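Visitor: Sequence and computational prediction follow.
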Amino acid sequence: MGVFGAMLTAVSGLRAQSYALENISGNIANSQTTGFKRIDTSFVDLIPDLPPRQSLAGSVAAFSRGTNTIQGDFNTTGVSTNMAINGEGFFAIAERTDYVAGNPVFSDQQLFTRRGDFTIDRDGFLVNGAGYYLRGNTLDPVTGAVTGSNQPIRLSDVQVPARQTTSIEYSANLPSYPSTPNADPATPGSEFINPADFATDPTAGGATVAANDVQDLLDSSLFGGSIVVYNSVGAPATVQMRWAKSAANTWQLYYQSDSNATGAQPAWTRIGQATFNATGQLATPAGGVFPITGLTVNGVAIGNVDIQVGNNGLTQFADSSGSVRGSGISQDGYAAGTLERISVTGEGQITGTYSNGQVATLAQIAVAQFNAANALQRLDGGAFAQTLESGAPIIGIGGSSILGGTLEGSNTDIAEEFAKMIVTQQAYSANTRVVTTAQQMLQDVINIVR
């Protein structure tokens, strides 16, 4: 069996090296394929059952060795819906099997991939270059509630509804001596608002200032800032505020309710009164809240709004300018908005930025991890399927992160593959020499009997 065994062993070597060359060929061909994982070749010796002193080197068999856990290089694309996993894990994907009534129908089989070149198709789904659909949890942009679990993510372009303003956060310092047009340091009390200058007392509860008395209000008060607020349907209105000092450590707050008022019609409305202690800290109102019931500006009904200053947001300290120094003003309402752009966070959340400046979470990407990722079944298009050897998927990003606007390239190293190809070629040629030598030896045996 020696010569014949040598030929059979050499043939197994030819077969194994051919198998290795085929894998090398595939790796090189996919060196530019997004998310591709190269296939290496492992060689296993096959030893016949013989006594130790008569054992043979044996033949060889070739097997594939996966590299699913080896990461490729990252390339920035600038496409916001492109994404790559930095670390372990796979994107959960679904395969479309049909279209029914204009809607895609998906297979129930759970598939996975590292190919993250996802873009939004005509139906709002995220589809990669191989035609697989990204799976995850779809969220309501307003409430954040899950509206679809572990299914192809569909991004809706529905508007975010308007939100009514209910609270204005306000902080400022009121000067201990206000430099109003009427204020004259030589005339004590000239810095205070004088109720006698008005048709009705502007310091009384629920007071309004008629259009005829607006100039008197402007001459005895300071500008307190302005902010745009919104009603329940998103209609905007600009709230302008003024502060008037009515007594020592006592101030009145007003807002312009109707800029078009004439004659005796109310133009400004009193919001409330603020008092300060000897150190300039707010004493009243308790809790630092100025409630406005039925806020209406120029005919736009906003609703009930609270001006929140807190315990330290409003002070009365000396200021050389004699004007109100605002340090911050904000509100919690907004108009309706349309989706303008998509981005992906490191935690795998797909967020949308709307025309009204709001940012909402639209979906949570499903990332799957496996105990034996190299045992996954390879499919076309860079997809993988679960096997008994790989174990069940563990859904969760774990210690990995998602890179938005980035793609993972192939983990094939061209230089390394060429080096392996040269070695494979040499091994293949060496096995052919074994076959040739064994043939010559057999020929010599045949020539003996001639």
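Guide: Everything's here; your move. Residues are numbered from 1 along each chain as shown.
Visitor: what sits up against stretch 71-83?
Guide: Outside stretch 71-83, the residues within contact range by C-beta atoms under 8 Å, 6 or more residues apart in numbering are 35-37, 84, 86-87, 91, 114, 116-120, 126, 341-344, 365, 402-411. (Glycine included, C-beta is placed from N, CA and C.)
Visitor: Could the C-alpha coordinates of it be exported in CSV?
Guide: Output of stretch 71-83 as CSV, limited to C-alpha atoms (Å, rounded to 0.1, in the frame of the first residue of the first chain):
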residue,chain,number,x,y,z
GLN,A,71,-14.0,43.3,13.0
GLY,A,72,-13.3,45.0,9.8
ASP,A,73,-12.1,48.6,9.3
PHE,A,74,-14.6,51.5,9.7
ASN,A,75,-15.3,54.0,7.0
THR,A,76,-17.2,57.2,7.5
THR,A,77,-20.0,57.7,4.8
GLY,A,78,-21.9,60.7,6.0
VAL,A,79,-25.2,58.9,5.4
SER,A,80,-27.0,59.2,8.7
THR,A,81,-28.8,55.8,8.4
ASN,A,82,-25.6,53.9,7.7
MET,A,83,-24.4,52.2,10.9
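Visitor: Just the mean pLDDT for that stretch, thanks.
Guide: Per-residue confidence for stretch 71-83 averages out to 95 on the pLDDT scale.
Visitor: One more: stretch 209-220?
Guide: Along stretch 209-220, the predicted local confidence has a mean pLDDT of 97.
Visitor: As PDB, could you dump the C-alpha coordinates of it?
Guide: Taking only C-alpha atoms (Å, rounded to 0.1, in the frame of the first residue of the first chain), the coordinates of stretch 209-220 have been written out as PDB:
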ATOM      1  CA  VAL A 209     -53.700  99.000  31.800                       C
ATOM      2  CA  ALA A 210     -55.800 100.800  29.200                       C
ATOM      3  CA  ALA A 211     -54.300 101.700  25.900                       C
ATOM      4  CA  ASN A 212     -54.600 105.400  26.900                       C
ATOM      5  CA  ASP A 213     -52.300 104.700  29.900                       C
ATOM      6  CA  VAL A 214     -49.700 102.600  28.200                       C
ATOM      7  CA  GLN A 215     -47.100 105.400  28.000                       C
ATOM      8  CA  ASP A 216     -47.400 106.000  31.700                       C
ATOM      9  CA  LEU A 217     -46.700 102.300  32.200                       C
ATOM     10  CA  LEU A 218     -43.700 102.400  29.900                       C
ATOM     11  CA  ASP A 219     -42.300 105.500  31.700                       C
ATOM     12  CA  SER A 220     -42.600 103.900  35.200                       C
END
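Visitor: what's the distance between that stretch and the middle of its chain?
Guide: Taking the mean C-alpha point of stretch 209-220 and that of its whole chain, the gap between them comes to 51 Å (C-alpha atoms, centre = their mean, to the nearest Å).
Visitor: Contacts for the helix or strand where Val305 lies, please.
Guide: In this assignment (DSSP states H and E), Val305 forms part of strand 300-308. Taking contacts as C-beta under 8 Å, 6+ apart, the residues outside strand 300-308 that touch it are 164-170, 229-232, 235-237, 253, 271, 288-296.
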